[in-house]
Each structure stands twice: as C-alpha cells, then as structure tokens.
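**Student:** A predicted structure for the sequence below; I have some questions about it.
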Amino acid sequence: EAGVVQSPRYKIIEKKQPVAFWCNPISGHNTLYWYLQNLGQGPELLIRYENEEAVDDSQLPKDRFSAERLKGVDSTLKIQPAELGDSAVYLCASSLDHNNEQFFGPGTRLTVL
Amino acid sequence: AQTVTQSQPEMSVQEAETVTLSCTYDTSESDYYLFWYKQPPSRQMILVIRQEAYKQQNATENRFSVNFQKAAKSFSLKISDSQLGDAAMYFCAYSYSNTGKLIFGQGTTLQVKP
C-alpha cells in the first residue's frame, strides 16, 4: 500500500513569490493534516481536514496561507507571498479518522531566498 | 494550554545497550494519548509507540517500552538492545481525545555508536 505522497520534495523560491505544495493521502483516509516543521523543532499543526471540511485551521496564518482539499482526497497548501521566515519543512499526514494513527509523508523542504 | 517538553536535545548510546529518552507534558485533561515518533534523516515520521492515558499498564512494542507516570506527567521511552537503525530524532507528542491534534516536543537526537 502506498504511503502519503508529497510533492515537490524540495522547493527554492525568492521572497514574495507564491508557492504550492501537494499532498495525496493514503487511500481511504478521511482525515488529512498539514504540519509546519522548523529546523530542529517538532512539527506544529497548521490545518486539519475531515473529508473536505477544514475543522481546525486556528494555527494557519490566513493572511498569506491557504489550503484546500477538493473532493476530500488530495490537498494543496499555498503560500502567497512567501517570506524568509517561511523556510521550513511542510509535512502532510493522514489517518482513517482523527482517533487513529497519523501516517506522515516525507515532507517538502521550502527555502525562501 | 497543553505543552510537551523534551529536556534532552541529544543522547548517545552504545550499540546493544539501553537508553531512556525523557518527556514531560502539561495538561488539565484526563483523557488523552501520548506518543513517541521517530524521524530518521530522510524525514519520514514513524510512530514508535502509543499510550492511552486511561491505561495504567505501560505500552511495549518489541524493543521499545514506555514508563508512563500520569501523576508526574512523565512519559519516557526506553530503547533496549539499541541498533544502528535506531539513530534518529525522537519526538514525544500529546493528543487530546477527539481532536486528532498532535502537540510535539522539541525532539531528542539519538546517536547510536557501533
């Protein structure tokens, strides 16, 4: 069974440019999470989806970050415009539901110059 | 607010020896879950072990076991017979029931020496 797929694995952009990350969860997983992981720190939840509904986006900086999960499967996280401080690893995870084990993808490492 | 603290930024252990990683947490909830995750240099986070707060018995998974002290809000991970493949960053995490939200500690980098 395929795990959580994320692309791209690495992205380098100049500040003020837009960037998007894509996540394909494990088939059948209704819950999808986006986490931000700064270097040397633990991940922090940005947003959680139950199917196509964002049920917890309290940590998402809505002035520049947006996310969507059309049809309750794949998800896209966007930053526009990117700032230097956005350099980090963006992790996607999925689970059958919010009471089950979360499976993580390999992450996208973003570098903003 | 719930917090998770890992006070050991780095630990090292000799291959085949035992090592214990520490974790403390703060919560006012009575129903919650605690986890240890492993993140090798490739960055794919893997669940090592999970403990339900209502269970008094400490969870074990092969060479991995926890010492869960609910009153002290302590949740340490013991790795027995350490192997080179155990080298990774280890994160302690907390989840409040029915939220699915994981709150992670700062992580402990474990080095395994041959």
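**Tutor:** Structure's in. What do you need? Residues are numbered from 1 along each chain as shown, chains lettered A, B, ... in the order given.

**Student:** Please make it C-alpha for all contacts and neighbour counts, starting now.
**Tutor:** Will do.

**Student:** Between its first and last residues, what's the separation in stretch B:3-18?
**Tutor:** Between the opening and closing residues of stretch B:3-18 there is a gap of 27 Å (CA to CA, to the nearest Å).

**Student:** quick one: average pLDDT of that stretch?
**Tutor:** Per-residue pLDDT over stretch B:3-18 has a mean of 97.

**Student:** just stretch B:71-85 next, same as before
**Tutor:** pLDDT averaged over stretch B:71-85 gives 97.

**Student:** Could you measure from the residue sitting nearest the centre point of chain B over to chain A?
**Tutor:** Closest to where the C-alpha atoms of chain B average out (CA atoms, centre = their mean) is residue B:36, at 3.2 Å. Using CA to the nearest CA, to the nearest Å, residue B:36 is found at 12 Å from chain A.

**Student:** Tell me which helix or strand the closest residue to residue A:87 other than its chain neighbours sits in.
**Tutor:** Leaving aside its sequence neighbours, residue A:87 sits nearest to residue A:111 (CA to CA, 6 or more residues apart in numbering or on different chains; 4.7 Å). Per DSSP states H and E, residue A:111 falls inside strand A:108-112.

**Student:** Need the phi and psi values for residue A:38.
**Tutor:** phi -80, psi 160 (degrees, to the nearest 10).

**Student:** residue boundaries of the strands in chain B?
**Tutor:** Applying DSSP state E to chain B gives strands spanning B:3-5, B:10-14, B:19-21, B:24-26, B:32-39, B:46-52, B:60-61, B:64-69, B:74-79, B:88-96, B:102-104, B:108-113.
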